[in-house]
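Novice: pasting a predicted model and its sequence here:
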Amino acid sequence: MILDETARPLLDIRALRKNFGAVEILKGVDLAVRPKEVVSIIGSSGSGKTTLLRCVNLLEEFQGGDIILDGETIGYKTAGGKRVRLRDAELSRQRAMTGMVFQSFNLFPHLTAAGNVMLGLRKVKKMGKDEAFAIAEKWLSRVGLGARLNHYPSQLSGGQQQRVAIARALAMNPKLVLLDEVTSALDPELVQEVLTTIKGIADDGATLLIVTHEMRFAREVSDRIVFMEQGRIAEEGTPEVIFGEGRSQRLNEFLKSSRH
Amino acid sequence: MNYTLHFGAVWASFDHLLGGLAIGLGLAVAAVAIGTLIGLLSAFASVSHSRLLRAISGTYVLLIRNIPLLVLVLLVYFALPATGIRLDKYESFIGSLALYAGAYLTEVFRAGLLSVPKGIVEAGRAIGLTRLQTNLYVVAPVMLRNSLPSLGNTFIGMFKDSSIAAAIAIPELTFEARKINVDTFRVVETWSVASGLYIAACFTIAALLRMLERRFPKF
């Protein structure tokens, strides 16, 4: 993938701070993601990777800094010198600009695979039933589930459920897709089908921000790797630099400890 | 025991008992319908972010659940007219039972709401649904399905509670049975037939609800 280094970042995170009560989770994170770039965040658990992703999707409130998505500051505005959270309708509109795939799939259990993909199209994009179904069919076929349109989540394997979740996120045509440890809850033999699906959408030119423990996958799919430690970005660089011979001592230790 | 059973006198008035049963069912259906609406609103209020809504729901449940239904029915029927609100005895009873059912259903639906996985709520928000849309299209269907078994219990309970309407002279099953009892003095026969009718009706309601549960399999 050839990236335009000069392009305006699609996602621009500036000095992001987040705390749960007295515990500081993110201690000033700066991160920019350019259009069509694939960025993977690695780091030990508790380093703030997932929280960072959830802030970008506005599922978490944050106490300081800005997140700018495609030129628009999201989540908060300044009114009378004070920083205030936006109204629900605004937050919802901004959330629809990003797609999120969760560790535990989180499919709607009362809807079929097609129904899961269609809900956002119908209620957020206000599409008619036929149009929404056509798009659902297209995306479910894209993730290899064209024959499972009318299956309920409980009738699908973990890998299949996660692929439905990927189709559900992508069908909304988001500017940015957030993937939060999407293979961590899967049986080992189901991991590959999901990773292959993600590789496919990356090759199609989607912009991805990935939190993962799959180092080989991160190396293979990413343009850039970000290593987080204790709420800060400790290092970042191309996979060659991060996984290469000249890497730092602490990165070396983390990579050694994360090898299965 | 030298009591000889004579059901003849009860059978002679059996159509009154059936009519009473139908009235009881009608009262219960109307009250449960309104009560379900109250219960849904109150349950969502009980888990809302607004302290005021939570307080309203909590106070409602606290007050209604701690008044015996009979007292509530008498209070509404006899005390409300003093405030200038005039209801006939049917409206008054349906209102009372609906209030009562609403309080119990608040708890049923609240438990259902707490059983909805947080992850699917986040998934709904993540695709851009507003809070209201998430509640309507994700939370409510899952919560209703999870609540079905306890809903059945409450519905049956409310139907049996329609017998309290006898206290304000609504001619439902218990009222009719008491009349037959007074007219014929066939105590055992009257009350055992009335009990049989309640059992048959409750059994039917339970069977219908179980069918509904099977139609919407557990997730």
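Specialist: It's in.
Novice: spell out the secondary structure type for whichever residue of chain B sits closest to chain A.
Specialist: When distances are taken as Cβ to the nearest Cβ, chain B reaches nearest to chain A at B:Gly128, 2.8 Å away. (Glycine included, C-beta is placed from N, CA and C.) Recorded secondary structure, B:Gly128: coil (DSSP: H, G, I helix; E, B strand; the rest coil).
Novice: check which helix or strand covers the residue nearest to A:Pro239 when sequence neighbours are not counted.
Specialist: In this structure, A:Pro239 finds its nearest non-sequential neighbour in A:Arg219, 4.5 Å apart by Cβ to Cβ, 6 or more residues apart in numbering or on different chains. Following DSSP states H and E, the helix or strand that holds A:Arg219 is helix A:215-221.
Novice: can you show me the CA trace of that helix as PDB?
Specialist: C-alpha atoms of helix A:215-221 as PDB (Å, rounded to 0.1, in the frame of the first residue of the first chain):
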ATOM      1  CA  MET A 215       2.200 -10.200  16.600                       C
ATOM      2  CA  ARG A 216       2.700 -12.100  13.300                       C
ATOM      3  CA  PHE A 217      -0.600 -10.700  12.000                       C
ATOM      4  CA  ALA A 218       0.300  -7.200  13.100                       C
ATOM      5  CA  ARG A 219       3.600  -7.400  11.300                       C
ATOM      6  CA  GLU A 220       2.000  -8.700   8.200                       C
ATOM      7  CA  VAL A 221      -1.000  -6.400   7.800                       C
END
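Novice: B:Ser96 against B:Ala79, yeah?
Specialist: No. Contact status for B:Ser96 versus B:Ala79: not in contact, 11.1 Å apart, counting by Cβ atoms under 8 Å.
Novice: these two: which has the busier surroundings?
Specialist: Neighbour count, other Cβ atoms under 10 Å in any protein chain shown: between B:Ser96 and B:Ala79, B:Ser96 has more, with 28 against 10.
Novice: quick one: buried residues of stretch A:189-207?
Specialist: For stretch A:189-207, the neighbour count (16 or more other Cβ atoms under 10 Å in any protein chain shown) marks A:Leu190, A:Val191, A:Glu193, A:Val194, A:Leu195, A:Thr197, A:Ile198, A:Ile201, A:Ala202, A:Ala206, A:Thr207 as buried.
Novice: which stretches of the stretch 51-200 of chain A form strands?
Specialist: Listed in chain order, the strands of the stretch 51-200 of chain A (DSSP state E, counting those that start in this stretch) span A:64-69, A:72-73, A:76-79, A:82-85, A:98-101, A:176-180.
Novice: up against chain A, what does chain B have?
Specialist: Residues of chain B lying near chain A by Cβ under 8 Å from any Cβ of the partner chain: B:117, B:119-120, B:122-131, B:133, B:137-138, B:141-142, B:145, B:216-217, B:219.
Novice: from those, which ones fall inside helices?
Specialist: Assignment to helices by DSSP state H places the following of the residues of chain B next to chain A there: B:Gly119, B:Ile120, B:Glu122, B:Ala123, B:Gly124, B:Arg125, B:Ala126, B:Arg131, B:Gln133, B:Pro141, B:Val142, B:Arg145.
Novice: most neighbours, which of those residues?
Specialist: Most surrounded of those: other Cβ under 10 Å gives B:Ala126, at 30 neighbours.
Novice: check contacts around that residue.
Specialist: Contact analysis of B:Ala126 by Cβ atoms under 8 Å, 6 or more residues apart in numbering or on different chains lists A:Asn57, A:Leu59, A:Arg95, A:Thr98, A:Gly99, A:Met100, A:Phe102, A:Ala169.
Novice: quick one: which of the strands of the stretch 51-200 of chain A is nearest chain B?
Specialist: Each of these has some distance to chain B by Cβ to the nearest Cβ; the shortest is strand A:98-101, at 4.0 Å.
Novice: okay, the strands of the stretch 51-200 of chain A, which one's buried deepest?
Specialist: Mean neighbour count (mean count of other Cβ atoms under 10 Å in any protein chain shown) peaks for strand A:98-101 among the strands of the stretch 51-200 of chain A, with a mean of 26.
Novice: what helices or strands is it leaning on?
Specialist: Under the contact definition 3 or more Cβ pairs under 8 Å, 6 or more residues apart in numbering or on different chains; DSSP states H and E, strand A:98-101 sits against helix A:158-171, strand A:176-180, helix B:118-126.
Novice: all helices for chain B, in order.
Specialist: Remark: helices assigned in chain B by DSSP H are B:8-12, B:14-46, B:51-65, B:69-74, B:89-114, B:118-126, B:131-134, B:140-161, B:173-184, B:187-215.
Novice: chain A too?
Specialist: With DSSP H, the ranges of helices along chain A come out as A:49-56, A:88-95, A:113-123, A:129-142, A:158-171, A:188-203, A:215-221, A:239-243, A:249-258.
Novice: in CSV: those, plus distance to B:Thr204 and mean pLDDT.
Specialist: Formatted as CSV, these follow (distance: least, Cβ to Cβ, whole Å; pLDDT from 0 to 100):
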stretch, distance to B:Thr204, mean pLDDT
helix A:49-56, 49, 96
helix A:88-95, 44, 95
helix A:113-123, 33, 97
helix A:129-142, 37, 97
helix A:158-171, 39, 96
helix A:188-203, 46, 92
helix A:215-221, 58, 92
helix A:239-243, 67, 92
helix A:249-258, 61, 86
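Novice: find the residue closest to the closest residue to chain B within the stretch 1-150 of chain A in space, skipping its chain neighbours.
Specialist: Closest residue of the stretch 1-150 of chain A to chain B, Cβ to the nearest Cβ: A:Ala96 (2.8 Å). Of all residues not flanking A:Ala96 in the chain, B:Gly128 sits nearest, at 2.8 Å (Cβ to Cβ, 6+ apart).
Novice: surely the one you found and A:Leu91 touch.
Specialist: No. Using Cβ under 8 Å as the test, B:Gly128 is too far from A:Leu91 to be in contact (9.3 Å).
Novice: looking at those two, which one has more neighbours?
Specialist: Each of B:Gly128 and A:Leu91 has its neighbours counted (other Cβ under 10 Å); B:Gly128 has more, 23 against 20.
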